[in-house]
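# Next come a sequence and a model predicted from it.
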Amino acid sequence: MDAIRHHSFGPPKVLTLERVPDPVPGPGEVLVDAVAHGVHLLDASLRRGEAGPPLPLPALPTVPGREIAGTVTAVGPGIDASWVGQRVAAHLGRVPDGGGYARRVAVAAGQLHAIPDRPDGTPLEPADAIAMIGTGRMAVYTLDIAAVTAADVVVVTAAAGGLGTLFVQEALNAGARVVALAGGSAKLRILQELLPDALRDSGPDAPHGARSVDVADPLPRPARLALVDYTAPDWIDAARRALAGSPATLVLDGVGGDLGTAATALLGGRGSTAGEPADGEPADGTGPGGVGDPGGVGRTGSAPARLVAYGWASGAPNRYTSWAGAEQIESAVEVRYAVGPDAPPMPDQRPYQERALARAASGRWRVVTHRVPFADAARAHRELEERRTTGKVVLV
Ligand SMILES: NC(=O)c1ccc[n+]([C@@H]2O[C@H](COP(=O)([O-])OP(=O)(O)OC[C@H]3O[C@@H](n4cnc5c(N)ncnc54)[C@H](OP(=O)(O)O)[C@@H]3O)[C@@H](O)[C@H]2O)c1
């Protein structure tokens, strides 16, 4: 069978397409002919030879990847033959050498999920299903921690990414208003195409669909989504304009570093009502949240100001996260973790995977994928590391 392996740690080109022996399903396992393989930033770190939480380096040579979707073609001892022919998706476990970049994978039957059908009876595509197994699972978990409500004004970093596209959709589903930050106009266009209704002013004076928001414009009341390109030098001013004078109440940050830290400074204080100054901030709008317009777009209720940190794609932590060993954010803001030593451990992961698959199958989440031919795994890694992907990266 075909597999992507690397024999040394290094740049993306160490990933090569090779012929390797077919696996044989053991007791309790099935054989899956895989057609979609999830690619993760963690795969790239391990390929570079950077161990660290949560995984140690794999022994070489190794077949990376921990997320596959395809069809069961054989079963091992003790497994019901009725599995054969079923479309499935599986997470291969929190291991450094998952073997997921392979066209055939032996998987414990207990790790399988049948790929659900959509309401019209057609099955969810394997690439969309695999986006739900790791990334969708993490999105559900993080959203549970964030507890978004209609009172929230939410800032999302890397908003066009695998997790970001799901966060933006779910925050809007919860009735919140959202400022989506992403690197470049092409990424913002993906969100524009995905969520046109949220960008429209649908108020009584402007019938539904009457106007869409230009990038970095203030959220026009009552449009619920604004898009800001944070590669622009003045992006933080654009984000403040988009907030139209209100502080954000929730920052969902997986980028960390200077970007995540600057985005976090858009928060108001603990317990502040959106539209009110943060604790200790001057009331004239000169505070870090740019507060000051009492008629700001966020005046939809009261929500505690909080940062939910779920990663550091930039390579550096958000300076407001205590596990980074840096300053704790001012006491006015609550910090919650979805990754890192202070994060509550995800209990059984299966329910989170099921909830994510159900959301995608029902259409509640529209899944964005960046599909790359299987043989071009090196390109997929390069594009992910160079921030040139939108949505979940999947080898097909
Ligand atoms: N997917 C999961 O299952 C999962 C689980 C746990 C934690 N996380 C963490 O969540 C964050 C987002 O993960 P994701 O899988 O959804 O990835 P992603 O957002 O699809 O891709 C990463 C994005 O992060 C942004 N970024 C900023 N600086 C970057 C840099 N130096 N190198 C690469 N990317 C950079 C880029 O978007 P912009 O150009 O828009 O900034 C890039 O497109 C990551 O920190 C990841 O480690 C993910």
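Structure received.
# Now for whichever residue of the stretch 51-200 of the chain sits closest to the ligand: which residues touch it?
For the stretch 51-200 of the chain, the residue positioned closest to the ligand under CB to the nearest ligand atom is residue 161, at a distance of 2.0 Å. In this view, the C-beta of every residue, glycine as well, is placed from N, C-alpha and C. The contact partners of residue 161, taken as CB atoms under 8 Å, 6 or more residues apart in numbering, are 182, 254, 313, 389-391.
# go on, residue 170?
For residue 170, the contact set (CB under 8 Å, 6+ apart) comprises 139, 143, 148, 365.
# looking at the chain, which helix or strand is least sure?
Across the helices and strands of the chain, the lowest-confidence element by mean pLDDT, DSSP states H and E is strand 334-337, at a mean of 84.
# which element is residue 141 on?
Counting by DSSP states H and E, the element that carries residue 141 is helix 137-146.
# what does residue 37 give?
With elements delineated by DSSP H and E, residue 37 resides in strand 29-39, which encompasses its position.
# thought residue 251 was touching residue 155?
Yes: with contact defined as CB atoms under 8 Å, residue 251 and residue 155 form a contacting pair (4.7 Å).
# what residues are shared contacts of the two?
By the contact definition CB under 8 Å, 6+ apart, residue 251 and residue 155 are jointly contacted by 263, 266-267.
# Kindly reformat these as a markdown table containing pLDDT and neighbour count.
A markdown table is the format used below for the shared contacts of residue 251 and residue 155 (pLDDT from 0 to 100; neighbours: other CB atoms under 10 Å):
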| residue | pLDDT | neighbour count |
| --- | --- | --- |
| 263 | 95 | 28 |
| 266 | 92 | 24 |
| 267 | 89 | 28 |
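# Now do the nearest residue to residue 81 once chain neighbours are set aside against residue 23, distance only.
In space, and not counting its chain neighbours, residue 81 is closest to residue 75: 5.6 Å by CB to CB, 6 or more residues apart in numbering. With the distance defined as CB to CB, to the nearest Å, residue 75 ends up 13 Å from residue 23.
# What of residue 258?
Residue 258 sits 44 Å away from residue 23, going by CB to CB.
# What's opposite the residue of the stretch 51-200 of the chain closest to the ligand in the beta bridge?
Following DSSP bridges, residue 161 is listed with bridge partners residue 391.
# what's the neighbour count on the nearest residue to residue 27 once chain neighbours are set aside?
Nearest in space to residue 27, with sequence neighbours left out and distances taken as CB to CB, 6+ apart, is residue 77 at 4.6 Å. When neighbours are counted by other CB atoms under 10 Å, residue 77 registers 9.
# and residue 77, what helix or strand is that in?
Secondary structure assigned from DSSP H and E places residue 77 in neither a helix nor a strand.
# How about the contacts made by it?
Residues touching residue 77, when contacts are defined by CB under 8 Å, 6+ apart, comprise 26-28.
# How about the residues of the chain by the ligand?
Residues of the chain lying near the ligand by CB under 6 Å from any ligand atom: 40-41, 134-135, 138, 158, 160-164, 182-183, 187, 254-255, 310-315, 339, 385, 387, 389.
# Can you name every helix or strand that the helix holding residue 141 contacts?
Other helices and strands packing on helix 137-146, by 3 or more CB pairs under 8 Å, 6 or more residues apart in numbering; DSSP states H and E, are helix 162-173, strand 250-253, strand 306-309, strand 334-337, helix 350-362.
# let's go with 6 Å and repeat that
Contact partners of helix 137-146 among helices and strands, from 3 or more CB pairs under 6 Å, 6 or more residues apart in numbering; DSSP states H and E: helix 162-173, helix 350-362.
# Check those helices for me and report the most buried one.
When you average the neighbours per residue for each of the helices and strands packed on helix 137-146 (mean count of other CB atoms under 10 Å), helix 162-173 leads with a mean of 25.
# That one: how far from the chain's middle?
Once both centres are worked out by CA atoms, centre = their mean, to the nearest Å, helix 162-173 turns out to sit 8 Å from its chain's centre.
# ok and the next helix or strand after it relative to helix 162-173, angle-wise?
Next helix or strand after helix 162-173 toward the C-terminus (DSSP H and E): strand 177-182. In this structure, strand 177-182 runs at an angle of 160 degrees to helix 162-173, with axes from the mean of the first three to the mean of the last three CA atoms, to 10 degrees as the basis.
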